[in-house]
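[1] Dropping a prediction and its sequence here:
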Amino acid sequence: MVGENSLDTPGKTFFLNLRFVLIVTVIVGNAIEPLIGSMSSLHSLYMWIFSFHMPLFVLVTGFFANKHLTGTQGRRIIMQIGLQYIIFQSLYSVLDATIYQVQGIHHSFFAPYLLLWFLASHAFWRILMIGMRKWAPATQFIFAVAAGIAVGYLQLDGVWFSISRTFVYLPFFVLGYHFSFQSFSRFFQKWIKITAAAVSILLFLLFASWGSELPIGWLYGSMTYMQLGLQEWYAGIYRLGVYGLQITAALAFMGWIPYSLSRLTDWGSRTLYVFLLHGFIVRFAAVSGLYSYINHSIGAMLLVLSAILLTILLAQPSVKRLMHPIVEPPVGWMITLQRVALRRSL
């Protein structure tokens with residue numbers, strides 16, 4: 001979610017627009033999750049969202065990481081991700097253990113708290129890309145897909161260190177890192193975009209009709225094959241099929257995204273604030289008993305509308321001014337300490 005200023009303007013605009021629309025789907029997905037077991041329409045919407053929103057979010061992150069992977073700026077970003085993780089892992093865990101008293105959460109820095117898996121995985125994606133940077137792009141992608149398939153065979157809880165999602169979504173980070181917006185925009189013109197948007201609608205209708213046939217765990221990316229109920233050697237083929245579904249759903253959803261500069265572009269530059277702060281509000285809504293009053297379609301529609309409005313609210317400049325020290329903590333002092341330690345060691 002950094003490095004936009006060095007990118008070409010058309011690509012930057014499109015991906016900022018995409019990033020804001022994606023964070024809307026993240027908030028909506030998290031808001032409706034407690035109700036997907038009781039309302040089939042919300043279950044269909046949830047499945048549709050999860051078919052593309054995380055793969056695309058990872059792709060966008062890889063795109064913006066392209067110009068600032070190594071060097072001083074690259075180290076600064078890794079340090080800031082680490083500080084963000086420590087701050088918000090602590091805040092969320094303390095609130096759960098004290099005020100909300102939520103049970104069944106791993107309160108450990110080695111088990112990212114719910115949405116914070118993305119921060120942990122982002123740091124690992126950057127480190128992995130640094131290790132692979134001398135490989136050909138095709139080799140990087142083949143390795144990423146192979147690793148994403150192989151991690152499902154490991155007999156461990158993929159929550160720890162976010163290891164499962166790190167490797168499952170690694171192919172999308174690689175794709176984003178090497179993404180050519182010029183080639184994409186030349187191909188993705190009016191009729192292609194309309195067709196893609198139509199395919200996106202079709203996918204939603206398919207999820208509405210047969211979504212219950214696909215266990216949602218396959219779209220989370222955090223579970224082993226055994227946890228998903230498959231112990232056979234060919235379980236990895238299912239992951240490959242899910243990759244095909246996710247790539248199709250992601251390309252189809254991109255048909256909805258405008259190329260032009262708009263308010264979406266401005267809001268898209270502050271999605272980090274939406275991402276890290278919305279969990280406090282969603283968690284409060286969950287423990288407050290609010291969901292016990294939502295048992296009809298009108299209530300569900302109001303919930304989705306509220307999630308969209310919350311996203312817009314948290315993307316406002318005033319929120320950034322107020323929360324900047326916590327959401328984007330300064331890391332200059334860490335770089336200074338690193339330099340001092342290096343000089344003393346010489």
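    That came through, no problem.
[2] Give the burial count for residue 25, as a bare number.
    Close neighbours of residue 25, defined as other Cβ atoms under 10 Å, add up to 22. Yep, even glycine has a C-beta here, placed from its N, CA and C like the rest.
[3] Quick one: neighbours of residue 198, just the number.
    If we define neighbours as other Cβ under 10 Å, then residue 198 has 12 of them.
[4] and it, what is it in contact with?
    Residue 198 makes contact with residue 255, according to Cβ atoms under 8 Å, 6 or more residues apart in numbering.
[5] Show me what the helix-or-strand element of the chain with minimal mean pLDDT is packed against.
    The helix or strand of the chain with the poorest confidence is helix 332-345; it has a mean of 73 (mean pLDDT, DSSP states H and E). The helices and strands touching helix 332-345, judged by 3 or more Cβ pairs under 8 Å, 6 or more residues apart in numbering; DSSP states H and E, are helix 71-95.
[6] how far is the helix it packs on from where the chain is centred?
    Centroid separation for helix 71-95 versus its chain: 16 Å, with Cα atoms, centre = their mean, to the nearest Å.
[7] tell me the angle the least confident helix or strand of the chain makes with helix 71-95.
    With axes from the mean of the first three to the mean of the last three Cα atoms, to 10 degrees applied, the angle from helix 332-345 to helix 71-95 works out at 120 degrees.
[8] List the buried residues in helix 332-345.
    By 16 or more other Cβ atoms under 10 Å, the buried positions in helix 332-345 come out as residue 334.
[9] Residues contacting that helix, please?
    Residues outside helix 332-345 that contact it (Cβ under 8 Å, 6+ apart) are 72, 75, 76, 79, 83.
[10] Closest one to residue 39 out of those, please.
    Closest approach to residue 39 among these (Cβ to Cβ): residue 83, at 38.9 Å.
[11] follow-up on the earlier one: just the CA trace of the least confident helix or strand of the chain, in CSV.
    Extracted as CSV, the C-alpha positions of helix 332-345 are listed here (Å, rounded to 0.1, in the frame of the first residue of the first chain):
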residue,chain,number,x,y,z
GLY,A,332,13.3,6.9,11.3
TRP,A,333,14.4,6.2,14.8
MET,A,334,14.7,2.5,13.9
ILE,A,335,16.9,3.2,10.9
THR,A,336,19.1,5.5,13.0
LEU,A,337,19.5,2.8,15.7
GLN,A,338,20.4,0.3,12.9
ARG,A,339,23.1,2.6,11.5
VAL,A,340,24.5,3.2,15.0
ALA,A,341,24.7,-0.5,15.7
LEU,A,342,26.3,-1.1,12.3
ARG,A,343,29.0,1.5,12.9
ARG,A,344,29.8,0.1,16.4
SER,A,345,30.1,-3.4,15.0
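[12] Tell me, how many residues neighbour the spatially closest residue to residue 329 that is not a sequence neighbour?
    Distances taken as Cβ to Cβ, 6 or more residues apart in numbering put residue 83 closest to residue 329, at 4.5 Å, once the chain neighbours are dropped. Per other Cβ under 10 Å, the neighbour tally for residue 83 reads 17.
[13] Ok, residue 42 next?
    Look at residue 42: counted by other Cβ under 10 Å, it has 23 neighbours.
[14] Grab the nearest non-local neighbour of residue 171.
    Leaving aside its sequence neighbours, residue 171 sits nearest to residue 144 (Cβ to Cβ, 6+ apart; 4.1 Å).
[15] try residue 87
    Closest to residue 87 by Cβ to Cβ, 6+ apart is residue 326, at 6.0 Å.
[16] So the one you found: helix, strand or coil?
    Here residue 326 takes the helix state, with states given by DSSP: H, G, I helix; E, B strand; the rest coil.
[17] Around it, count how many other residues there are.
    Neighbour count of residue 326, defined by other Cβ under 10 Å: 15.
[18] Give me the distance from stretch 48-56 to the chain's centre.
    On Cα atoms, centre = their mean, the centre of stretch 48-56 falls 9 Å from the chain's centre.
[19] what comes up buried for it?
    Neighbour-count burial for stretch 48-56, counted by 16+ other Cβ under 10 Å, picks out 48, 49, 50, 51, 52, 53, 54, 55, 56.
[20] Next: stretch 303-317.
    Applying 16+ other Cβ under 10 Å to stretch 303-317 flags 303, 304, 306, 307, 310, 311, 314, 315 as buried.
[21] Compute the first-to-last residue distance for stretch 249-257.
    One end of stretch 249-257 to the other measures 13 Å (Cα to Cα, to the nearest Å).
[22] Can you name the residues in contact with it?
    Stretch 249-257 is contacted from outside by 14, 17-18, 21, 48, 51-52, 55-56, 59, 172, 188, 192-200, 203, using Cβ under 8 Å, 6+ apart.
[23] Those residues, buried ones only, as a ChimeraX selection?
    Buried residues within the contacts of stretch 249-257, by 16+ other Cβ under 10 Å, are selected in ChimeraX with:
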select :14,17,18,21,48,51,52,55,56,59,172,188,193,196,197,199,200,203
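[24] Let me know the pLDDT of residue 7.
    At residue 7, the model reports a pLDDT of 44.
[25] so where's the protein uncertain?
    Within the chain, the segments meeting pLDDT under 70 span 1-8, 102-107, 158, 342, 346.
[26] ok, now with 50
    Within the chain, the set of residues satisfying pLDDT under 50 comprises 1-8.
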